[in-house]
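**Student:** The sequence isn't on hand, but the structure is:
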């Protein structure tokens, strides 16, 4: 074997080794897949689903398997959507909604639905119209939480076959047309005026009640005073009656004489009374009173 043949054989062998090494490196490179934490890979073999690769290092068969889809599993937010709907009391409203979701089964999402965002938007619009059609306008304004839960529950049930999880649904705003807003404003003003009138009437009623209570209290106090005075007079009469019963006519005459003395004394003490005209029988009464006083002494 000549030197040229030997060199040729060595070069040919080295080329084969180089090609083999390159092939092995390519196979390793194609067979190892490192999947990020926020993604999942859908692997196909000859056009059919082979596996779904989760985060971390994964191995596939080179040239037979290929990564057909790289799906993000991060939570997504659909653009704000506006849907026209009619309430049960025939009011046209425009509802602005937003939906948050994430893909949990990429194999379903890839092979069962083409446009995920468009499908979810259409589904939400149908649910919103259906639910608002069951409510009156006041219920839509006051029961947003219930409406949001209904949208989220129904949407979750309908998109389950697409491998999607609905994490949150929001109603951002409920808009009315100009005519409805004007009518509601007039109704609100009328309601405020009615409440003001009711408040004023209740205040007047309360004032009358308080005045009546005050008059009733004053009458009760006057009645109590009269009752006390009557009790005192009755007691005095009772005392006189007892005295008459015990002392006879002398006690009665004594009381009459005392009353006459008190009257004459009051008349003399009055202003401008320089001269007092005393009846004769009054003098006799005074004398009798003094006699009785002396007898008691």
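**Tutor:** Happy to help now that I have it. Everything numeric here is computed off the predicted structure, so don't read it as measured data. Numbering: from 1, shown residues only.

**Student:** switch to C-alpha atoms for all contacts and neighbour counts from now on
**Tutor:** OK.

**Student:** tell me which helix or strand of this structure sits lowest on mean pLDDT?
**Tutor:** helix 280-296 (a mean of 52; mean pLDDT, DSSP states H and E).

**Student:** Report the separation between residue 112 and residue 23.
**Tutor:** For residue 112, the distance to residue 23 equals 37 Å [CA to CA, to the nearest Å].

**Student:** Burial check on residue 218, number of neighbours?
**Tutor:** 12 (other CA atoms under 10 Å).

**Student:** any idea which element it lies in?
**Tutor:** Using DSSP states H and E, residue 218 sits within helix 178-247.

**Student:** And residue 28, by the same measure?
**Tutor:** Applying DSSP H and E, one finds residue 28 within helix 3-31.

**Student:** And the next helix or strand past that helix?
**Tutor:** By DSSP H and E, the next helix or strand past helix 3-31 is strand 32-35.

**Student:** Pairing partners for that next one, with directions?
**Tutor:** strand 56-59 (antiparallel) (DSSP bridges).

**Student:** what's next to the strand it pairs with, contact-wise?
**Tutor:** 31, 32, 33, 34, 35, 36, 37 (CA atoms under 8 Å, 6 or more residues apart in numbering).

**Student:** so what's the residue nearest the centre of the chain up against?
**Tutor:** Nearest to the geometric centre of the chain sits residue 142, at 10.0 Å (CA atoms, centre = their mean). If a contact means CA under 8 Å, 6+ apart, then residue 142 has no contacts.

**Student:** going forward, begin numbering at 13 instead of 1
**Tutor:** In the new count, where the first residue is 13, that last one comes out as residue 154.

**Student:** Return the distance of it relative to residue 147.
**Tutor:** The spacing between residue 154 and residue 147, counted by CA to CA, is 11 Å.

**Student:** Check residue 109 too.
**Tutor:** Counting by CA to CA - residue 109 and residue 147 are separated by 17 Å.

**Student:** Neighbour count: those two, which is higher?
**Tutor:** Taking neighbours as other CA under 10 Å, residue 109 and residue 147 compare with residue 109 leading, 23 against 18.

**Student:** What residues does that one make contact with?
**Tutor:** Residues near residue 109 by CA under 8 Å, 6+ apart: 92, 93, 94, 181, 182, 183, 184, 185.

**Student:** for the last one, what are its contacts?
**Tutor:** Contact partners of residue 185, counting by CA under 8 Å, 6+ apart, are 107, 108, 109.

**Student:** in the stretch 163-309 of the chain, which ranges drop under the pLDDT threshold?
**Tutor:** 193, 196, 248-249, 251-309 (pLDDT under 70).

**Student:** before we move on, which element is residue 158 in?
**Tutor:** helix 156-170.

**Student:** Report all helices and strands that that helix contacts.
**Tutor:** helix 128-144, strand 176-188 (3 or more CA pairs under 8 Å, 6 or more residues apart in numbering; DSSP states H and E).

**Student:** will you turn these into TSV that also has distance to residue 39?
**Tutor:** Formatted as TSV, those follow (distance: least, CA to CA, whole Å):
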stretch	distance to residue 39
helix 128-144	35
strand 176-188	34
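
**Student:** To residue 31, which of these lies closest?
**Tutor:** Checking the helices and strands packed on helix 156-170 against residue 31 by CA to CA gives helix 128-144 as the closest, at 45.0 Å.

**Student:** can you list contacts of the helix holding residue 158?
**Tutor:** 132, 135-136, 139-140, 143, 152, 176-178, 180-183.

**Student:** Closest to residue 79 out of these?
**Tutor:** Nearest member of the contacts of helix 156-170 to residue 79, counting by CA to CA, is residue 176, at 20.8 Å.

**Student:** Just grab the bridge partners of that closest one for me.
**Tutor:** residue 115.

**Student:** What distance do you get for it to residue 112?
**Tutor:** The value you get for residue 176 to residue 112, if CA to CA is used, is 10 Å.
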